[in-house]
Every structure is written in C-alpha cells, then in structure tokens.
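Trainee: can't give you the sequence, but here's the structure:
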C-alpha cells in the first residue's frame, strides 16, 4: 500500500527480464524495506549474468562452442552450410 501511494503510476523499470512480474515484486519489496531504487533489479541482473557465464563455462554446449571457436576454422566463410560442414 505504501508503495502504491508513493508511486501512483506504478513501477516502471528500464528493462524487463524473463520473469518480469517477479522482478517488479522484488523491486517493490526492496524499496519498501528502505533500499534505493533499482538495487534489487541490478542484483537480479547480476545474478542472471553470473548464471549465464557459469552455464557457458561449465556446460557441455559452452565447451563445444569454445572448442569450435579455438579450432582452425577459416575466419570468414562464404558458402552454404552444407559446404561448410564438408570443409
């Protein structure tokens, strides 16, 4: 209620992640607990970034992409996917 009275137009975030409703509720709760604006949102985006990095660095697909990037693939490819697969 206090947040609604102070923010008649509601919460307007600069950017919305996949779980937008969760982010809005978390940000509102954070502000009601006395935090500055965007503290929750920034922490949430940082957490998403860390999880993404962990998946890429430690996951099977991420490792495959790293191997592919580090392999001796021509820097620029002109041709079809089929031609590339036979390269």
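Mentor: Arrived safely, thanks for sending. These figures come from a predicted structure and were not determined experimentally. Numbering: from 1, shown residues only.
Trainee: from here on, contacts and neighbour counts on C-alpha atoms
Mentor: Noted.
Trainee: which outside residues touch stretch 33-52?
Mentor: Residues from elsewhere that reach stretch 33-52 (Cα atoms under 8 Å, 6 or more residues apart in numbering): 17, 23, 26, 27, 30, 31.
Trainee: which ones are touching residue 27?
Mentor: When contacts are counted by Cα under 8 Å, 6+ apart, residue 27 touches 37, 38, 39, 40, 41.
Trainee: and which of the contacts of stretch 33-52 is nearest to residue 86?
Mentor: Nearest to residue 86 among these, counting by Cα to Cα, is residue 17 at 39.4 Å.
Trainee: for that closest one, what are its contacts?
Mentor: By Cα under 8 Å, 6+ apart, the residues touching residue 17 are 23, 45.
Trainee: roughly how far apart are it and residue 52?
Mentor: Computed as Cα to Cα, to the nearest Å, the residue 17 to residue 52 distance reads 13 Å.
Trainee: go on, residue 84?
Mentor: Here residue 84 is placed at a distance of 29 Å from residue 52 (Cα to Cα).
Trainee: neighbours of residue 45, just the number please.
Mentor: Residue 45: 15 surrounding residues under other Cα atoms under 10 Å.
Trainee: same question, the one 5 residues further on
Mentor: For residue 50, the count of nearby residues is 12 (other Cα under 10 Å).
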